[in-house]
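Colleague: Here is a sequence with its predicted model. Questions after.
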Amino acid sequence: MKDWESIKKKIDINFDNQVKALRELLSFKSVLGEAVTAEGKDMGPDTVTSEGKAYLPFGKETHRAFEYMLARGRGSGFDTVNIDNYGGHIEFPGFEKDEEGDPAGEAAETVGIACHLDVVPEGSGWDHDPFGGEISEGRIYGRGTVDDKGPAVAALFAMKALDEAGVVPDRNIRLILGLDEETGWNGMTYYNERVPEPDMGFTPDGDFPVIYGEKGIIEFEIAKKFAKTTAEGLELRSFRGGVAANMVADSARVVVNSKKTGLYDKIKDRAEEYKEKGVDIRCRNMGKNLEITVAGKAAHGSKPWEGVNAVSLMMDFLSGVDFANDDINEFIEFYNKHIGTETDGSSLGCRMEDTESGKTVVNMGIIDMQPKAARLTLGIRFPVTKTMEEIYDSMMPVLDGYGLGLIKRKYIKPIFKAKDSFLISRLMDVYRDNTGDMESEPLVIGGGTYARAFENMVAFGCRFPGQPSLEHQKNEYISLENFKKITVMIADAMYRLACDQERTDRCGSENE
């Protein structure tokens, strides 16, 4: 491929500007916000408006991140499209070629690269500003550096390098920008209903070498109303923990009240016993109430065993605390018996397994427990050969036994591609040629990526084998070395997929 050295040289030349772009993008706190109607200074030049006002479905900060990327794309000379502020894309147009390899008409096919600009909440315990883009010891720190703002910026600069190297692709290269991947996928649904989907593509939001299967995902709530009680004793005022169904809860807070202050001493003594076990638990008086807090460790909901669930720690602690309301005691019993610290759903009744993708993964994400009711939000990743109905049906005997309600919130179907398909084979070639790693094989994961939103798309990168999972954790970072490396690999993948023949001169070059 005669353009390849020129492409890599352009990536090197532009890299400082690429780092600057990521740091600026990280400054937008693009956590899902309330939908708003904006005008004036809250709107950028790419904002879709009606009568001078714009509906921003995912909040101002997410929209600002979207506007920033569109402006970057337009500034690099690419076409940009905004679909009613729900999402959009940046496109590098391709051309059909005549027999001599000269452009002879607009390309009929498109290669898509799907990224997302929204992030999960930052959580607590950071050593660096989660939205500061700080550089330290060769790393850029910030929420979204690996999931998924860093890869989005890498994809844009990969396109830029191809363009500046004079590559004229046979297929359009389209960088698709989603805005609510971490929550409901409503934006991508809206976008796909209005834009023809690409013929093939990938999302740089998973692992290398390439992901050929993703487990199904459901998110749901378990709810219980508590009966009133006239019994005197310890009262629960509140129990809150966690921030997202796809994130291990790294903190939990309980507030209790008792007219008998001697009960507080027993709770504090129990807390001291837990501290000796290595649990980060603290108690403090708040007027007539007692506050109990527990710290855990955040992790991605697809790999909950890599974290420490603070809600589960708190529930275990509360098993030795007797509340006046027996319904509350029973709910705590249910949690510890059927959820606890398990991550495969065995005690909940939903453990399943297949040879293609392994076993069920269960993550307890959020709890909101009040004197009158409790609500748990869980996420389950289930094997590719199983169904949503099988998972829900398997849990009902346990839930019915405790009189618990189940509220379905989210479903994302599993995907499964053939290892020897064109897309998987070509992306494996990209990985092997750029890393020299001939041992790693295609993967099936529990994470959910935008690959599910398209018929012919898979996840390709950007975490290398053996590297820690930093998604959804405090101190998320991307190394400068890997940031450049993934840009090279994305550029190579774009080239091979957007040109008819692999590593040949079929793609024309204006520099020839």
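Modeller: Yes, it's here. Numbering: from 1, shown residues only.
Colleague: List the residues that contact Lys484.
Modeller: 11-12, 15 (C-beta atoms under 8 Å, 6 or more residues apart in numbering). (Glycine included, C-beta is placed from N, CA and C.)
Colleague: which among those end up buried?
Modeller: 11, 15 (16 or more other C-beta atoms under 10 Å).
Colleague: So which residues of the stretch 401-512 of the chain form strands?
Modeller: Taking DSSP state E, counting those that start in this stretch as the test, the strands found in the stretch 401-512 of the chain are 405-412, 415-416, 443-445, 457-459, 462-463, 477-479, 508-509.
Colleague: doesn't Val254 make contact with Leu318?
Modeller: Yes. Counting by C-beta atoms under 8 Å, Leu318 touches Val254, with 7.1 Å between them.
Colleague: which regions of this structure sit below the pLDDT cut-off?
Modeller: Along the chain, segments meeting pLDDT under 70 span 1-2, 500-512.
Colleague: Would you map the strands across the stretch 251-400 of the chain?
Modeller: 251-257, 280-286, 289-295, 353-354, 358-359, 361-369, 373-382.
Colleague: Nearest to Phe157, out of these?
Modeller: strand 373-382 (31.9 Å; C-beta to C-beta).
Colleague: Within the sheet, what are the partner strands of the closest one, with directions?
Modeller: Paired neighbours of strand 373-382 in the sheet (DSSP bridges): strand 216-225 (antiparallel), strand 361-369 (antiparallel).
Colleague: Find the residue at the geometric middle of this protein.
Modeller: Centroid-nearest residue in the chain, with C-alpha atoms, centre = their mean: Glu182, separated by 4.8 Å.
Colleague: In this structure it contacts Glu219, no?
Modeller: No. The pair Glu182 and Glu219 fails to qualify as a contact (C-beta under 8 Å) at a distance of 11.4 Å.
Colleague: what's the overlap in contacts for the two?
Modeller: Asn246.
Colleague: Would you enumerate the residues in contact with Ala152?
Modeller: Residues in contact with Ala152 (C-beta under 8 Å, 6+ apart) are 25, 69, 115-117, 175, 177, 204.
Colleague: Contacts only, for Gly201.
Modeller: Taking C-beta under 8 Å, 6+ apart, one finds 110-114, 174, 454, 456-457, 497 in contact with Gly201.
Colleague: Which residue ranges of the stretch 1-150 of the chain form helices?
Modeller: 4-26, 60-75, 149-164 (DSSP state H, counting those that start in this stretch).
Colleague: Can you name every helix or strand that the first one contacts?
Modeller: The criterion is 3 or more C-beta pairs under 8 Å, 6 or more residues apart in numbering; DSSP states H and E, and the helices and strands that helix 4-26 contacts are helix 60-75, strand 139-141, helix 149-164, helix 480-498.
Colleague: I'd like the distance between Glu353 and Arg463.
Modeller: Taking C-beta to C-beta, to the nearest Å as the measure, Glu353 falls 24 Å from Arg463.
Colleague: higher neighbour count, the two?
Modeller: In this view Glu353 and Arg463 are compared by other C-beta atoms under 10 Å, and Arg463 has more residues nearby, 21 against 14.
Colleague: Gly138 is in contact with Ser479, isn't it?
Modeller: Yes. Counting by C-beta under 8 Å, Gly138 does reach Ser479; the two are 5.7 Å apart.
Colleague: Settle it for me: which of the two has more neighbours?
Modeller: Ser479 (15 against 11).
Colleague: contacting residues for the closest residue to the more buried one other than its chain neighbours?
Modeller: What sits nearest to Ser479 in space, not counting adjacent residues and going by C-beta to C-beta, 6 or more residues apart in numbering, is Arg139, at 5.1 Å. By C-beta under 8 Å, 6+ apart, Arg139 lies in contact with 477-480.
Colleague: Pull up the gap between Arg139 and Tyr477, please.
Modeller: Counting by C-beta to C-beta - Arg139 and Tyr477 are separated by 4 Å.
Colleague: What count of nearby residues applies to the residue nearest to Glu106 when sequence neighbours are not counted?
Modeller: In space, and not counting its chain neighbours, Glu106 is closest to Phe95: 6.4 Å by C-beta to C-beta, 6+ apart. If you count neighbours by other C-beta under 10 Å, Phe95 ends up with 18.
Colleague: before we move on, what about Met438?
Modeller: Count around Met438 with other C-beta under 10 Å applied: 8.
Colleague: Show me the strands in the stretch 51-200 of the chain, by range?
Modeller: Under DSSP E, counting those that start in this stretch, the stretch 51-200 of the chain gives strands at 54-56, 79-82, 88-92, 95-97, 103-106, 110-116, 135-136, 139-141, 167-168, 172-178, 200-203.
Colleague: Identify, from the contacts of Arg139, the entry nearest to Phe382.
Modeller: The closest of these to Phe382 turns out to be Ile478 (C-beta to C-beta; 30.1 Å).
Colleague: Format the strands paired with strand 373-382 as JSON lines; extra columns: mean neighbour count and distance to Lys260.
Modeller: What follows is these, written out as JSON lines (neighbours: other C-beta atoms under 10 Å; distance: least, C-beta to C-beta, whole Å):
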{"stretch": "strand 216-225", "mean neighbour count": "20", "distance to Lys260": "26"}
{"stretch": "strand 361-369", "mean neighbour count": "24", "distance to Lys260": "22"}
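Colleague: nearest to Val430, of these?
Modeller: Closest among the strands paired with strand 373-382, once you apply C-beta to C-beta, is strand 216-225, at 27.0 Å.
Colleague: The closest one vs strand 405-412, what angle?
Modeller: For strand 216-225 against strand 405-412, the angle by axes from the mean of the first three to the mean of the last three C-alpha atoms, to 10 degrees is 160 degrees.
Colleague: Show the subsequent helix or strand relative to strand 216-225.
Modeller: Using DSSP states H and E, the helix or strand that follows strand 216-225 in sequence is strand 235-241.
Colleague: helices and strands around that next one, which ones?
Modeller: By 3+ C-beta pairs under 8 Å, 6+ apart, strand 235-241 packs against strand 251-257, helix 310-318, strand 361-369.
Colleague: Would you mark the buried spots in the first one?
Modeller: Within strand 251-257, the residues that qualify as buried by neighbour count (16+ other C-beta under 10 Å) are 251-252, 254-257.
Colleague: tell me what it is packed against?
Modeller: strand 235-241, strand 289-295, helix 310-318.
Colleague: Alpha carbons of it, in CSV - could you do that?
Modeller: This file holds the C-alpha atoms of strand 251-257, laid out as CSV (Å, rounded to 0.1, in the frame of the first residue of the first chain):
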residue,chain,number,x,y,z
SER,A,251,-20.5,3.8,47.5
ALA,A,252,-23.5,3.2,49.7
ARG,A,253,-25.1,5.4,52.4
VAL,A,254,-27.7,4.5,55.0
VAL,A,255,-29.4,6.8,57.5
VAL,A,256,-31.2,5.2,60.5
ASN,A,257,-33.1,6.6,63.4
